[in-house]
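*Asks:* Turn this into a model:
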Amino acid sequence: MNMINQDISKLKEEIDSVVTQKNYETLRYVLFNEGDGTPFAVHLFIKNDKFMVNSRDERSYVVGKTFEFSTFDEAKVKFLKLLDLTVEINKEDIKLGYSAEYYSPLWNK
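*Replies:* Below you'll find the predicted structure:
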């Protein structure tokens, strides 16, 4: 495993640890794989030496804009905020009688 892969592994572990602490394991998110087509996922990846964060729709198209950051810590904060918003929005949709983007016990109780 080269140094870049080792570094990415550590960054993934850091994110996964926070996801577990927040009980967000059922949320759809993709780390360091820009081309992954998981629908409704929040993505964090590296492109052109910048950390990029975005959300995707049911066809895996970017929703809104892709946020660019110089540091992992900045990107991590935005990534986790988007996961928080995913939970809030889907809870509100269920409360208003709409369907959620996908099933998660975080909002389908």
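*Asks:* which phi and psi does the residue nearest to the spatial centre of the chain have?
*Replies:* Geometric centre of the chain, nearest residue: V42, 2.8 Å, by C-alpha atoms, centre = their mean. When quoted as degrees, to the nearest 10, the phi and psi of V42 stand at phi -100, psi 130.
*Asks:* What of S60?
*Replies:* Phi and psi for S60, reported as degrees, to the nearest 10, are phi 70, psi 20.
*Asks:* what does G97 give?
*Replies:* Per degrees, to the nearest 10, the backbone of G97 is at phi 90, psi 10.
*Asks:* Equivalent analysis for the one 3 residues further on, please.
*Replies:* Summarising the backbone geometry of A100 under the convention degrees, to the nearest 10, its torsions are phi -80, psi 170.
*Asks:* out of all of them, which helix in this protein is the longest?
*Replies:* The helix that spans the most residues within the chain, counting by DSSP state H, is helix 72-95.
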